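[1] Kindly generate the corresponding structure for this input.
(one chain, ligands or ions: 3)
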Amino acid sequence: MTRRIVRMAGDGIGPEIMTAAGRVLDAAAEKFRLDLSFQDCLFGGVAVDETGTPFPADTESACKAADAVLLGAVGGPQYDSLPPEQRPEKGLLAMRKALGVYANIRPVRNIPALAGRTAFRDGHLDGVDIVVIRELTGGIYFGAKDRGDDWATDECRYTTSEIERIVRRAGDMARQRKGRVTSVDKSNVLMTSKLWREVTTRVMAEEYPDVTLDHMLVDAMAMKLISSPADFDVIVTENMFGDILTDEASMLVGSIGVLPSASMGDDGPGVFEPIHGSAPDIAGQGKANPIGMIASIAMMLETGLGEPETAAAITAAIDAAIEAGDVTGDLGGALSTDAAADAIARRV
Ligand SMILES: NC(=O)C1=CN([C@@H]2O[C@H](COP(=O)(O)OP(=O)(O)OC[C@H]3O[C@@H](n4cnc5c(N)ncnc54)[C@H](O)[C@@H]3O)[C@@H](O)[C@H]2O)C=CC1
Ligand SMILES: CC(C)CC(=O)C(=O)O
Ligand SMILES: [Mg+2]
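    Ligands and ions are numbered 1, 2, ... in the order given. So this is what the prediction gives:
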């Protein structure tokens with residue numbers, strides 16, 4: 001059976017990492033005899049340039065008909081002065097909402113060969129193995145926005161059912177791991193966080209009594225992620241806190257260029273993308289690390305397409321290339337984006 005994959009390379013380094021990572025997927029598909037078809041769709045700034053809108057209707061229909069969606073990254077300074085509705089980032093939010101992918105799964109796994117590249121002393125990162133479950137289709141990014149001459153507002157809204165479903169994702173994930181969930185909020189100040197804490201406490205007590213639940217305020221978590229990262233198993237949090245904390249968490253691994261993500265709903269295709277943005281500062285220079293994109297392909301194979309063996313082979317190839325030092329400059333290597341991807345492709 002052919003599996004249909006929509007590719008949206010996007011802007012900045014998006015096309016570079018998508019093309020390079022594609023060669024790893026080609027190698028894996030050949031070795032494991034996967035029957036995949038690809039459709040490249042306009043999305044983000046490049047879609048604004050060509051069609052006037054960041055998430056064109058035919059891209060939306062292609063995504064909805066696909067088995068999985070691969071995304072590079074969107075955005076760039078040339079789009080920053082566009083009206084809000086036309087911004088590439090608005091297309092990203094619209095796509096996540098349209099596909100109903102409310103659960104953004106971001107694994108943060110210490111890679112021993114990279115520990116020396118981080119800012120942390122020897123041994124500090126031993127045992128770091130975290131999964132952040134970020135709520136992706138609610139909260140302040142999606143709330144009503146308004147602007148006057150000397151004021152601006154962004155509404156932050158969460159409903160009970162939005163919180164319940166993401167907490168269940170965290171509970172299910174914890175059961176497959178060390179059985180611990182840390183829920184992150186700002187319930188000492190925010191009404192949405194008070195609701196978040198109430199609902200999380202109830203759902204976990206009623207449905208996941210076997211899972212240990214802790215609560216932590218987001219400012220304290222920003223500190224604890226650095227001071228005691230090995231203490232955490234599954235972290236569940238709302239949209240903006242998860243966005244910020246995972247960029248921070250990438251420093252536990254060595255570069256934002258290596259972290260992947262999977263965004264899942266209850267049905268329909270998942271969306272698989274690195275956690276970083278379009279990195280305009282290095283775009284077009286062959287410097288972008290393709291590992292976040294390649295690891296997102298591994299997540300697509302495991303979580304989205306039910307091909308865990310192929311996913312494991314890609315993950316092992318990534319680890320072997322890192323171990324050998326066949327990596328881009330952000331990880332201390334000397335390879336270009338293409339060469340770093342090829343170093344992984346030949347190890348699959
Ligand atoms: N999912 C998406 O498409 C996202 C898009 N954005 C957009 O991306 C644009 C740039 O945003 P920034 O704040 O600069 O964040 P960014 O994540 O693109 O870059 C932050 C820093 O990390 C570096 N970096 C990022 N990815 C890398 C990689 N694969 N290899 C090596 N270094 C890498 C960049 O060079 C830069 O110094 C903005 O327009 C923003 O809105 C930001 C985050 C996510
Ligand atoms: C436009 C932003 C919400 C994208 C982002 O930073 C992310 O999803 O990590
Ligand atoms: Mg982000």
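
[2] drop to CA atoms for contacts and neighbour counts, all remaining ones
    Will do.

[3] Up against ligand 1, what does the stretch 151-300 of the chain have?
    Residues of the stretch 151-300 of the chain lying near ligand 1 by CA under 6 Å from any ligand atom: 256, 257, 276, 277, 278, 279, 280, 281, 282, 288, 289, 290.

[4] do that again at 5 Å, thanks
    Selection of the stretch 151-300 of the chain residues close to ligand 1 by CA under 5 Å from any ligand atom yields 257, 276, 277, 278, 279, 288, 289.

[5] Highest neighbour count among those residues?
    Counting neighbours by other CA atoms under 10 Å, residue 289 leads these with 28 neighbours.

[6] Show the contacting residues for residue 290.
    17, 18, 20, 21, 257, 258, 337, 338, 340, 341 (CA atoms under 8 Å, 6 or more residues apart in numbering).

[7] Return the subset of these lying in helices.
    17, 18, 20, 21, 337, 338, 340, 341 (DSSP state H).

[8] Quick check: residue 181 vs residue 335, distance?
    Applying CA to CA, to the nearest Å, the value for residue 181 to residue 335 is 38 Å.

[9] ignore the last one, residue 193
    From residue 193 to residue 335 the distance is 44 Å (CA to CA).

[10] Ok, residue 251 next?
    21 Å.

[11] same thing with residue 143?
    42 Å.

[12] Equivalent analysis for residue 40, please.
    Residue 40 sits 27 Å away from residue 335, going by CA to CA.

[13] right, and residue 125 touches residue 108 too?
    No: under the criterion of CA atoms under 8 Å, residue 125 makes no contact with residue 108, lying 11.1 Å away.

[14] got a pLDDT number for residue 116?
    As summarised for this prediction, residue 116 has a pLDDT of 86.

[15] ok, it - how many residues close by?
    When neighbours are defined as other CA under 10 Å, residue 116 has 16 of them.

[16] a helix runs through it, doesn't it?
    Yes: assessed by DSSP: H, G, I helix; E, B strand; the rest coil, residue 116 belongs to a helix.

[17] got a list of what it touches?
    Residues near residue 116 by CA under 8 Å, 6+ apart: residue 122.

[18] Tell me the buried residues in stretch 97-105?
    Across stretch 97-105, burial judged by 16 or more other CA atoms under 10 Å covers 97, 99, 100, 101, 102, 103, 104, 105.

[19] Whether it contacts ligand 2 - can you check?
    No: Stretch 97-105 is not in contact with ligand 2 by CA under 5 Å from any ligand atom; minimum separation 8.7 Å.

[20] The nearest residue to residue 68 once chain neighbours are set aside and residue 26, how far apart?
    Excluding its sequence neighbours, the residue lying closest to residue 68 (CA to CA, 6 or more residues apart in numbering) is residue 269, at 4.7 Å. Using CA to CA, residue 269 is found at 20 Å from residue 26.

[21] tell me, how many neighbours does residue 211 end up with?
    Applying other CA under 10 Å, we find 18 other residues in the vicinity of residue 211.

[22] Name the nearest residue to the residue nearest the centre of the chain, ignoring sequence neighbours.
    Nearest residue to the geometric centre of the chain (CA atoms, centre = their mean): residue 261, 2.9 Å. Leaving aside its sequence neighbours, residue 261 sits nearest to residue 106 (CA to CA, 6+ apart; 4.7 Å).

[23] Need the residues that contact whichever helix or strand the one you found is part of.
    Residue 106 is located in strand 103-109, with elements delineated by DSSP states H and E. With contacts defined as CA under 8 Å, 6+ apart, strand 103-109 is touched by 128-136, 166, 169, 246, 249-250, 252-253, 259-265, 275.

[24] Helices of the chain, start to end?
    Going by DSSP H, the chain shows helices at 14-31, 45-51, 57-65, 88-99, 160-175, 191-207, 218-227, 239-249, 291-299, 308-323, 337-345.

[25] what's the most buried one of those?
    helix 291-299 (a mean of 29; mean count of other CA atoms under 10 Å).

[26] Let me know the angle separating that helix from helix 308-323.
    Calculated by axes from the mean of the first three to the mean of the last three CA atoms, to 10 degrees, helix 291-299 forms an angle of 160 degrees with helix 308-323.

[27] is helix 291-299 anywhere near ligand 2?
    No: for helix 291-299, no contact with ligand 2 is found by CA under 5 Å from any ligand atom; the gap never falls below 12.4 Å.

[28] just checking, what packs against that helix?
    Helix 291-299 is packed against helix 14-31, strand 270-272, helix 308-323, with contacts defined by 3 or more CA pairs under 8 Å, 6 or more residues apart in numbering; DSSP states H and E.

[29] angle of that helix against helix 14-31?
    In terms of direction (the same axes, to 10 degrees), helix 291-299 departs from helix 14-31 by 40 degrees.

[30] Contacts for helix 291-299, please.
    Helix 291-299 is contacted by residues 17-18, 21, 24-25, 70, 72, 256-262, 272-275, 310-312, 314-315, 318, 341 when judged by CA under 8 Å, 6+ apart.
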